[in-house]
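Participant: what's the 3D shape of this:
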Amino acid sequence: MRIFNKNLRLQDITIMYFTALATLMVILVSSYQSPSAAVEVSSFISNPSSPLPPLPMPFRVPLDPRGELQLAWNISYANQEVYMELRIANLRHGVVLGMSDRGELTNADLVVLWDSGTTSYFGDAWSDSEGRVSSDSQDNQDYELIRATNKPDGFYLLFKRPFSTCDPRDYVIEEGTVHIIYGFLDQPLASLEQLNLSRIHTGVQRVLMLRPDTPSPTLPPDVQLLDVVAPNVIIPNQETTYWCFIQKLPENMPKNHIVMYESVITPGNEAIVHHIEVFECSPEVRNVPEYSGSCDDKMKPGKLDSCRHVLAAWAMGAEAFYYPPHAGMPMGGTGSSRFLRLEVHYHNPLLISGRHDSSGIRLHYTPNLRRYDAGIMELGLVYTPIMAIPPKQHTFYLNGYCSSKCTQTALPPGGIYIFASQLHTHLAGRGVKTVLVRGGKELEVVQEDQHFSTHYQTIRVLRKMVNVLPGDVLITKCTYNTEDRTKPTVGGFSITDEMCVNYVHYYPRTQLELCKSHVDPGYLQKYFSFINRFQGNDQCVCGEVNVTEQYSQLQWDPFTGEVLDSLYNTAPYSMHCNQSTASLFPGEWDKQPVPEVTTVLEKPHYPCEGRAGPTSRPVEPTV
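Facilitator: Predicted coordinates for the structure are as follows:
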């Protein structure tokens, strides 16, 4: 019996030994697997005096409010790749850089630089629905490290990645806004799987990653400068501030053409000045009072609201904006306003106080007028509560039309050329797209951003100008998400209302300043009557209260939303085909039929989907 118990104890010990050994092997293997898919950074480190020539990086943006992380990049359309350079001013134990649909930390495509305490690694990774990080397999390491360099101002990582990979977890880099997420590692990681993004300091930045690859036009020798800048503002120590300032043009300034503009950012404030806009005030308003203060101040002069004509717009990461060589934006002269409104958005999440700022926009203009005046036209939906979005919607679409009848009436025989645009929605907006339709067929996309954010608005130069002819149709489609709302969202000027607009920049300038639509009000009243009867409300007050109230009185369920969507897509609409005087062009513009589209464009495919991606003349980064 003693022998049996002794053997049993020996068996137990043996099992425990091999179990412990197996457990140790699993731990060792798992800790080894993460770096095995990644690369050791030491083998890529080069001296600043390395014989390798520097890679040109024409685009750059600070990522964090302190400016400790800066991302620069270049694009190879020929190879469908983006070359990125990340500067880390104070490298501790690593950084995380990634992309996600709207800047979420979950389900993000990541590249990570981390150290295990003895060795530094660089690798492709992803986060799950809870922010836990996992390394991609060896076959899916789509970020390729090219070089790592120590310099006096920080540690530089140079790497590249295709626009699109065959990894379903990877983000597809496409036209429009890219939400960049970043994070700092404050301690070593034995394994990348130990990392959870919710437990480290992170942030988000928005950029236009893909840019036109055409060379910038040459400025004329007689170009003059006008700085529209903030008057030494002390940036408030609050997270978000919109600062307004009224600036006068010189007395009796003759007509000039703006041919280029660029940002002027006070040194040290590059990570706080988020975006800037310059508006021209209405010529009908004779005098706009001086003002320098919060745009949200209820005591600000009411005449500031007349300054809505966009003249220039810049957002963090945007480069200088050039007009085409044969067109310029008119400024000064008869029929124009002498007053400009500057609006600067300060994003100050660290609540830095006492910081002075004189940022703004520098206008480059010439008295030697070019052949064409450039103009700005509003496309999309009229700012009216007639158009609404039901609550609790994951995806809801609204379409605004610029009809064939309006373009036939207002455009010259050769049409117009759109060379840039500025998309605009409010907080519920998720995507904006304007498409050109000719003869019932979608011909080309004017502008599209399916990752749109109202926090990142800038004028975007088109990679290819779009010729709009008389009789063409321009359809602007906006995508909304109202899952966090319990009441319907109506169209209007408030940030909690919604808009669907594309301000297109074009030449030659015409009298057509606004080409927008909304559903016919009479058909909307039929909708209210039908839904109220369907929901058993026989005491409908349709027509007795305003449209906003009628929307709020409905019981919103899937059927109510689906019928509204059907109404918007089939019912006649009212067309606003407005001249620059705000009056309609002659003609009948109510109860217009919805434009018929028989052929739609296919979405561009990328190489890993088996088809060629978007092509362009290459600007080849070379190492």
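Participant: residue 571 and residue 520 touch, don't they?
Facilitator: Yes. Between residue 571 and residue 520 there is a contact under C-beta atoms under 8 Å: 5.8 Å. Quick note: C-beta positions are derived from backbone N, CA and C, even for glycine.
Participant: give the other helices and strands that the strand or helix carrying residue 408 contacts.
Facilitator: Secondary structure from DSSP states H and E places residue 408 in helix 404-410. On a contact count with 3 or more C-beta pairs under 8 Å, 6 or more residues apart in numbering; DSSP states H and E, helix 404-410 meets strand 473-480, strand 512-519, strand 573-579.
Participant: okay, those strands in JSON lines with mean neighbour count, distance to residue 504 and mean pLDDT next?
Facilitator: Formatted as JSON lines, these follow (neighbours: other C-beta atoms under 10 Å; distance: least, C-beta to C-beta, whole Å; pLDDT from 0 to 100):
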{"stretch": "strand 473-480", "mean neighbour count": "23", "distance to residue 504": "8", "mean pLDDT": "98"}
{"stretch": "strand 512-519", "mean neighbour count": "23", "distance to residue 504": "9", "mean pLDDT": "94"}
{"stretch": "strand 573-579", "mean neighbour count": "21", "distance to residue 504": "14", "mean pLDDT": "94"}
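Participant: closest to residue 102 out of the ones you listed?
Facilitator: Closest to residue 102 of those is strand 473-480 (C-beta to C-beta; 12.0 Å).
Participant: next structured bit after that closest one?
Facilitator: strand 489-490.
Participant: now the helices and strands packed on helix 404-410 in CSV, with distance to residue 339?
Facilitator: Below are those laid out as CSV (distance: least, C-beta to C-beta, whole Å):
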stretch, distance to residue 339
strand 473-480, 30
strand 512-519, 19
strand 573-579, 22
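Participant: what's the closest of those to residue 598?
Facilitator: With C-beta to C-beta as the measure, strand 473-480 is the member of the helices and strands packed on helix 404-410 nearest residue 598 (12.0 Å).
Participant: contacts for the closest one?
Facilitator: 379-381, 389, 393, 395-404, 407, 425, 428-438, 446, 450, 468, 489, 498, 500-502, 515, 595, 597 (C-beta atoms under 8 Å, 6 or more residues apart in numbering).
Participant: which pLDDT value does the model give the residue nearest to the spatial centre of the chain?
Facilitator: For the chain, residue 177 is the residue whose C-alpha lies nearest the centre (C-alpha atoms, centre = their mean; 3.4 Å). pLDDT, residue 177: 94.
Participant: how close does it sit to residue 603?
Facilitator: 17 Å (C-beta to C-beta, to the nearest Å).
Participant: surely residue 455 touches residue 206?
Facilitator: Yes. Between residue 455 and residue 206 there is a contact at 6.7 Å, judged by C-beta under 8 Å.
Participant: between the two, who's got more neighbours?
Facilitator: residue 206 (24 against 16; other C-beta atoms under 10 Å).
Participant: in its sheet, what does the helix or strand containing that one sit against?
Facilitator: Assigned by DSSP H and E, residue 206 belongs to strand 201-208. Strand 201-208 sits in its sheet next to strand 177-184 (antiparallel), going by DSSP bridges.
Participant: what residues does the strand it pairs with touch?
Facilitator: With C-beta under 8 Å, 6+ apart, strand 177-184 has contacts from 63-64, 68-69, 71, 92, 94-105, 108, 171, 197, 200-209, 449, 451-453, 456.
Participant: buried only: go through these for me.
Facilitator: 63-64, 68-69, 71, 94-100, 103-105, 108, 171, 197, 200, 202, 204-209, 449, 451-453, 456 (16 or more other C-beta atoms under 10 Å).
Participant: among those, which lie within helices?
Facilitator: Judged by DSSP state H, helices contain none of the buried ones among the contacts of strand 177-184.
Participant: so where's this structure uncertain?
Facilitator: Low-confidence regions of the chain, defined by pLDDT under 70, span residues 1-37, 41-54, 539-543, 606-623.
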